[in-house]
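Undergrad: 3D, please:
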Amino acid sequence: MELEKNIAGLLRLVLAFGIFSCTPEEKEDESISDIEKYREIRQEFLNKARPVIHNNDGCDAYLYPSDRNFSVSDFLSYRTKGLVGSDVSTISYCSITSSFGQFTHKTEVGEFLTLTHQRPGSRNVVPEFVKLGTDPLEVTGKYAHENGFEFFWSNRVNDTHDYEHRPDNPYERWSKLKTAHPEYLFGSPGEKLPHGRWSAVDFNQPEIRNLCIQYYTKVCENYDVDGIELDFFRHLYLFKEVARGATATAAQLDMLTDMLRQIREMTERVGMKKGKPILILVRIPDSIDYCREIGIDIENWMRKRLVDIIVGSDYFRLNFWEYFVTLGHRYGVKVCAGLSEPRVNKEHPLLIRQQDPVYRARASAAWQAGVDGLYIFNEYDTRSRYLREIGSADKLRNKNNLYFLTYLNANPNSYLKNGNDHWNLPKLTPSNPVTLGSKPLKFLLETGDESLPARTALLLYIRGNNPESIEAYLNGVALNYLRSTADGLSVFEVPRGTVKSGKNELELKCASGQEGLTLLDVAILFCRDADDPEIKALAALCFRD
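TA: The predicted structure is shown next:
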């Protein structure tokens, strides 16, 4: 039924306005003069299923491999062509923005990155595009549309990879803007800030907000985009006072809201002229309060219908997905679960997060919570298996899935004083261990729909002696200890039917008199194919017949 609705909606759009098949010249002739009609079309377009959004994370042109031949076709093969046939519906293309306002697309208001750099193993091929009369954004957008993808432009709102810049040792992409206007920055070169980086631009400055608006305006006017992305997570620095320990003021919240209002009005103006809707996606922390304290009044933005899609989490995640889903759906906004790459260190070799079974598990839990789609970031291998398996909950129900208590463990305090106070999830990784004693530790673990038959095991990564003294309970069911490895992995049998879709309560404790164990990690494996190379060794440990 949902598929029929989506097809019917698309047919109405095509028949009425031709927005998916017209040439650029035809689109211009079919401008929309009525704002309410435009908004109706935009809503229909927003309601279209977009199961997976892939942000390519930029750098594909600027850091193109030195040993790789350059042609437009080779460039597209590098990070884009692999998405054909995957579950990805939308490509959100980042034309690299560090420093602020530097791009690998032609721009009238920022800097066009045609410089030559000396990074080992890579080269900037933007000058090669210039010789061909084009640029990476135009080429990728054309390819996306020719192959059935939606195409968004992603802009890192305040990327600070340039914080290493020093006047006597310049960062290669230190911008002319920052050189000319040091007063726009959070601090002086090399200054250490408790919750920010000195090289960030300050959105207190009206010039910075106006430039941000212009960057989006020129892309919407000059490129065939279906949406734009404001990537606030790269990086979460907006106001210099917040970087020094304050929280955003009402006036600062209003500044950023007014910037969003102007961007929304621009997309409507340009979209009406082109005869097609332009959606707005924002990538933000998954907490209303955290967002407000750093300067993002996300609930107000949704209430005023300034955004269409919200993507939650990146370096860290603060809440269970159902919280974020409830928030977005309250205002008719589409909600995507951000599945950024884990950066957890010191993992057990059989419990690695950066692998297909884990991405499948994360996706399954998010679908179960009711998200409208998934958002993938920092995945350079566009031929990764999981990108063809995560587009719906049904596709995941018969797979091998490996769930963890914690997938992301960056520190929210990096961007906000006491930011960690907003963390409402379990935090347990080898870098964030806890002591296990006779007093029970209770955790909630999210899963998807795992109702199809599977062999299931709980895995504990432990430091200390006598792991067999651990008592484990899942949703009140006592789990049978099976075995341990010399390097700290303990396996418990999970009876069929014990795991529930959604949140599951795990309780762990040591038997009386057995103290001093350190719990490093917790995972649950659902195995339906023990010969799958990615989980074969783990399955052999867990399920010995």
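Undergrad: what's the domain layout of this protein?
TA: Domain ranges of the chain: 2-307, 340-368+392-545, per automatic domain parsing.
Undergrad: so which residue is dead centre in this protein?
TA: In the chain, the centroid-proximal residue (Cα atoms, centre = their mean) is G338; its distance is 3.5 Å.
Undergrad: who touches the closest residue to P430 other than its chain neighbours in this structure?
TA: Nearest-residue entry for P430: K346, 3.8 Å, with adjacent residues in sequence omitted and distances by Cβ to Cβ, 6 or more residues apart in numbering. (C-beta placed from N, C-alpha, C; glycine too.) Applying Cβ atoms under 8 Å, 6 or more residues apart in numbering, we find K346 in contact with 429-431, 520.
Undergrad: in ChimeraX, how would I select the buried members of those?
TA: Remark: buried members of the contacts of K346, expressed as a ChimeraX selection using 16 or more other Cβ atoms under 10 Å:
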select :429,430,520
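Undergrad: which residue ranges of the stretch 251-400 of the chain form strands?
TA: With strands called from DSSP state E, counting those that start in this stretch, the stretch 251-400 of the chain shows them at 279-284, 309-312, 334-340, 373-377.
Undergrad: out of these, deepest packed?
TA: Highest mean neighbour count of the strands of the stretch 251-400 of the chain: strand 309-312, a mean of 28 (counted as mean count of other Cβ atoms under 10 Å).
Undergrad: pull the distance from that strand to the chain's centre.
TA: The gap between where strand 309-312 is centred and where its chain is centred comes out at 9 Å by Cα atoms, centre = their mean, to the nearest Å.
Undergrad: quick check: which helices or strands does it pack against?
TA: strand 279-284, helix 321-330, strand 334-340 (3 or more Cβ pairs under 8 Å, 6 or more residues apart in numbering; DSSP states H and E).
Undergrad: thinking again about what came up before, closest one to G502 among the strands of the stretch 251-400 of the chain?
TA: strand 334-340 (14.2 Å; Cβ to Cβ).
Undergrad: other residues contacting that closest one?
TA: Residues outside strand 334-340 that contact it (Cβ under 8 Å, 6+ apart): 46, 50, 53, 233, 281, 283, 286, 308-315, 317, 321, 324-325, 327-329, 359, 362-363, 366, 369-378, 408.
Undergrad: by average pLDDT, which secondary structure element in this protein comes out worst?
TA: Least confident helix or strand of the chain, by mean pLDDT, DSSP states H and E, is helix 2-17 with a mean of 42.
Undergrad: quick one: low-confidence parts of the stretch 1-150 of the chain?
TA: 1-29 (pLDDT under 70).
Undergrad: can you show me the helices along it?
TA: 2-17, 24-29, 35-46, 72-79, 126-131, 136-146 (DSSP state H, counting those that start in this stretch).
Undergrad: could you find the closest non-adjacent residue to L132?
TA: Per Cβ to Cβ, 6+ apart, closest to L132 is V72, 7.0 Å.
Undergrad: wait, that neighbour sits on K142?
TA: No: assessed by Cβ atoms under 8 Å, V72 is found out of contact with K142, at 9.6 Å.
Undergrad: distance from the top strand by length along the chain to the middle of the chain?
TA: Scanning the chain for the strand with the most residues, using DSSP state E, yields strand 517-527. For strand 517-527, the distance from its own C-alpha centre to the chain's C-alpha centre is 25 Å (Cα atoms, centre = their mean).
Undergrad: now do stretch 124-141
TA: Relative to its chain's centre, stretch 124-141 lies at 26 Å (Cα atoms, centre = their mean).
Undergrad: give me the distance between the two termini of that stretch.
TA: As for stretch 124-141, its first-to-last residue distance stands at 19 Å under the measure Cα to Cα, to the nearest Å.
Undergrad: mind listing what's buried in it?
TA: By 16+ other Cβ under 10 Å, the buried positions in stretch 124-141 come out as 124-126, 128-129, 135-141.
Undergrad: got a list of what A393 touches?
TA: Shown in contact with A393 (Cβ under 8 Å, 6+ apart): 364, 367-368, 448-449.
Undergrad: rerun that using 6 Å as the cut-off
TA: By Cβ atoms under 6 Å, 6 or more residues apart in numbering, A393 lies in contact with 367, 449.
Undergrad: could you redo the strands of the stretch 251-400 of the chain as a markdown table and give each row distance to I91 and mean pLDDT?
TA: Output for those, formatted as a markdown table (distance: least, Cβ to Cβ, whole Å; pLDDT from 0 to 100):
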| stretch | distance to I91 | mean pLDDT |
| --- | --- | --- |
| strand 279-284 | 12 | 98 |
| strand 309-312 | 14 | 98 |
| strand 334-340 | 14 | 97 |
| strand 373-377 | 11 | 97 |
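Undergrad: let me know which of those is the nearest to Y461.
TA: Using Cβ to Cβ, the strands of the stretch 251-400 of the chain put strand 334-340 closest to Y461, at 22.1 Å.
Undergrad: the closest one vs strand 373-377, what angle?
TA: 30 degrees (axes from the mean of the first three to the mean of the last three Cα atoms, to 10 degrees).
Undergrad: who does strand 334-340 pair with, and is each partner parallel or antiparallel?
TA: Strands that pair with strand 334-340, judged by DSSP bridges, come out as strand 309-312 (parallel), strand 373-377 (parallel).
Undergrad: any chance of the ones you listed in JSON lines with distance to I294 as columns?
TA: Listed next are those as JSON lines, based on distance: least, Cβ to Cβ, whole Å:
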{"stretch": "strand 309-312", "distance to I294": "14"}
{"stretch": "strand 373-377", "distance to I294": "19"}
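Undergrad: so which of those strands is nearest E493?
TA: That would be strand 373-377 among the strands paired with strand 334-340, by Cβ to Cβ, at 31.2 Å.
Undergrad: from the chain's centroid, how far away is the closest one?
TA: Here strand 373-377 is found 6 Å from its chain centre; the criterion is Cα atoms, centre = their mean.
Undergrad: got the contact list for it?
TA: The contact list for strand 373-377 (Cβ under 6 Å, 6+ apart) reads 50-55, 311, 336-340, 363.
Undergrad: want to throw these into JSON lines with distance to M255?
TA: Listed next are the contacts of strand 373-377 as JSON lines, based on distance: Cβ to Cβ, whole Å:
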{"residue": "R50", "distance to M255": "30"}
{"residue": "P51", "distance to M255": "35"}
{"residue": "V52", "distance to M255": "33"}
{"residue": "I53", "distance to M255": "28"}
{"residue": "H54", "distance to M255": "31"}
{"residue": "N55", "distance to M255": "26"}
{"residue": "V311", "distance to M255": "22"}
{"residue": "C336", "distance to M255": "26"}
{"residue": "A337", "distance to M255": "29"}
{"residue": "G338", "distance to M255": "25"}
{"residue": "L339", "distance to M255": "31"}
{"residue": "S340", "distance to M255": "28"}
{"residue": "A363", "distance to M255": "36"}
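Undergrad: can you tell me which of these lies nearest to G391?
TA: P51 (4.1 Å).
Undergrad: so what's the closest one up against?
TA: With contact set as Cβ under 6 Å, 6+ apart, P51 has these partners: 87, 89, 373, 391.
Undergrad: now with 8 Å?
TA: Contacts of P51 (Cβ under 8 Å, 6+ apart): 87, 89, 373-374, 390-392.
Undergrad: could you give the number of residues near the nearest residue to it once chain neighbours are set aside?
TA: Leaving aside its sequence neighbours, P51 sits nearest to G391 (Cβ to Cβ, 6+ apart; 4.1 Å). By other Cβ atoms under 10 Å, the residues close to G391 number 21.
Undergrad: off-centre distance for the helix or strand that contains Q214?
TA: Element membership for Q214, per DSSP states H and E: helix 206-222. Distance of helix 206-222 from the chain centroid (Cα atoms, centre = their mean) equals 23 Å.
Undergrad: stretch 96-110 now?
TA: Relative to its parent chain, stretch 96-110 has a centroid offset of 21 Å by Cα atoms, centre = their mean.
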